[in-house]
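Peer 1: Below are the sequence and a predicted model for it; my questions follow.
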Amino acid sequence: MEAPLAAPADWHKLLTADARTALPAEFVARMDELRLMPLYELLEELFTLFDMGRIGKQDAYLFSFFDAVTEYLQNNSSDLDGFIRYWDETLCNKTIPSGEMDGIRIFSIHKSKGLEFPVVFLSNLSRRFNTESQCAQILCDRDLGMGLSVADSENRVRYSSIAKRAIAAKMAAESLSEELRVLYVAMTRARDRLIMTYAEKNPGKIIQNIALRQDFDGGELLCREAARPGQWVLLAAVRHTEAGALHALGGRPGETKLGDHPWVIRVSDAPESEDAVGKEMDTRSAMPDGVEQALQEALSFQYAYDAATRAPSKQTAA
């Protein structure tokens, strides 16, 4: 059972009580660790530790506060004392409309941390993961050192050294872990319904690969090889019994299951771009009389001395 919020008459006792008994136990235990966190990450942790999500009808304040923190960090350091001064001098006097918003909100996954909504649309799951940092000429790692490319002057090729390959593999694993955490945050924002969209040029081939390999190792290698967040969602969707639309495209794995909350999976074909172009061309007006013939005559011009253009520029008389 959740403890009720303190009544106004209890604020004096709350502010004067011993911190170890009045504050959450986890917060007290992690105070030294929290002091070393960057400002934004610290505020996110405090939001979770103090369970601020249970305070109803405060979304407008939370959005405004985290937006103000983001704006502050664009021109200031992450120093906690500096932000507290900014709060006392400026931010605490800011007023915003309160209450729940009756409408649609569009924002990044990063800004959605700690918030919850009845219905969430999670789009653009077909975007590719950013791997540019792994392709740099020089890679650095605190534990593995520096990785460089090796130049083979004899064969005139350049290839990655063993150190660079090791660093690139570590960076790839860390990047995938972060992408998976971001996807988890996005998927857990929904309270009642989560709607996800994913586009693929050849879904049958992707699903067939998943169906054939998932029974082999449980999908671990497929999870590591994923290049888009939507492929992780497909790994889970294909194993559902209600994924008949996906099984019809690429096959069915050996085992499927029906979860406590069945998925609703639909497959839709994208419109053919050729048809759209054809319709647009058909609606073009015809050229005026005589214009087409004039163009053909102008484009069919032939130089009278064409043979001279192929003669050598220097000739010798014998």
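Peer 2: Yep, it's here.

Peer 1: what ranges do the helices span in the stretch 51-200 of the chain?
Peer 2: Assigned by DSSP state H, counting those that start in this stretch, the helices in the stretch 51-200 of the chain fall at 59-75, 80-89, 162-187.

Peer 1: any idea which of these scores lowest on pLDDT?
Peer 2: Among the helices of the stretch 51-200 of the chain, helix 59-75 has the lowest mean pLDDT, at a mean of 77.

Peer 1: Including distance to Arg213, could the helices of the stretch 51-200 of the chain go into a markdown table?
Peer 2: Every residue, glycine included, has its C-beta placed from N, CA and C. Compiled in a markdown table, these are given as follows (distance: least, Cβ to Cβ, whole Å):
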| stretch | distance to Arg213 |
| --- | --- |
| helix 59-75 | 41 |
| helix 80-89 | 48 |
| helix 162-187 | 17 |
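
Peer 1: TSV for those helices, including distance to Glu292 and mean neighbour count?
Peer 2: Listed next are the helices of the stretch 51-200 of the chain as TSV, based on distance: least, Cβ to Cβ, whole Å; neighbours: other Cβ atoms under 10 Å:
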stretch	distance to Glu292	mean neighbour count
helix 59-75	59	15
helix 80-89	71	13
helix 162-187	56	15
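
Peer 1: Select, out of those helices, the one closest to Phe121.
Peer 2: Phe121 sits nearest to helix 162-187 of all those, at 10.2 Å, using Cβ to Cβ.

Peer 1: Leu235 contacts Ile207, correct?
Peer 2: No - Leu235 is beyond contact range of Ile207, at 10.2 Å (criterion: Cβ atoms under 8 Å).

Peer 1: The two - which one has more neighbours?
Peer 2: Ile207 (25 against 17; other Cβ atoms under 10 Å).

Peer 1: pull the CA atoms of stretch 66-85 into CSV?
Peer 2: In CSV, the C-alpha atoms belonging to stretch 66-85 read as follows (Å, rounded to 0.1, in the frame of the first residue of the first chain):
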residue,chain,number,x,y,z
PHE,A,66,13.1,19.2,-17.1
ASP,A,67,12.9,21.5,-20.1
ALA,A,68,14.2,24.3,-18.0
VAL,A,69,17.1,22.1,-16.8
THR,A,70,17.9,21.1,-20.4
GLU,A,71,18.0,24.8,-21.4
TYR,A,72,20.1,25.7,-18.4
LEU,A,73,22.7,23.0,-19.2
GLN,A,74,23.1,24.3,-22.7
ASN,A,75,24.9,27.4,-21.4
ASN,A,76,26.0,26.4,-18.0
SER,A,77,28.0,23.6,-16.3
SER,A,78,26.5,20.7,-14.5
ASP,A,79,27.5,22.1,-11.1
LEU,A,80,24.8,21.5,-8.5
ASP,A,81,25.5,24.6,-6.5
GLY,A,82,25.2,26.8,-9.6
PHE,A,83,21.9,25.3,-10.5
ILE,A,84,20.5,25.8,-6.9
ARG,A,85,21.5,29.5,-7.2
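
Peer 1: thinking again about what came up before, out of the helices of the stretch 51-200 of the chain, flag the one nearest Ser268.
Peer 2: helix 162-187 (21.2 Å).
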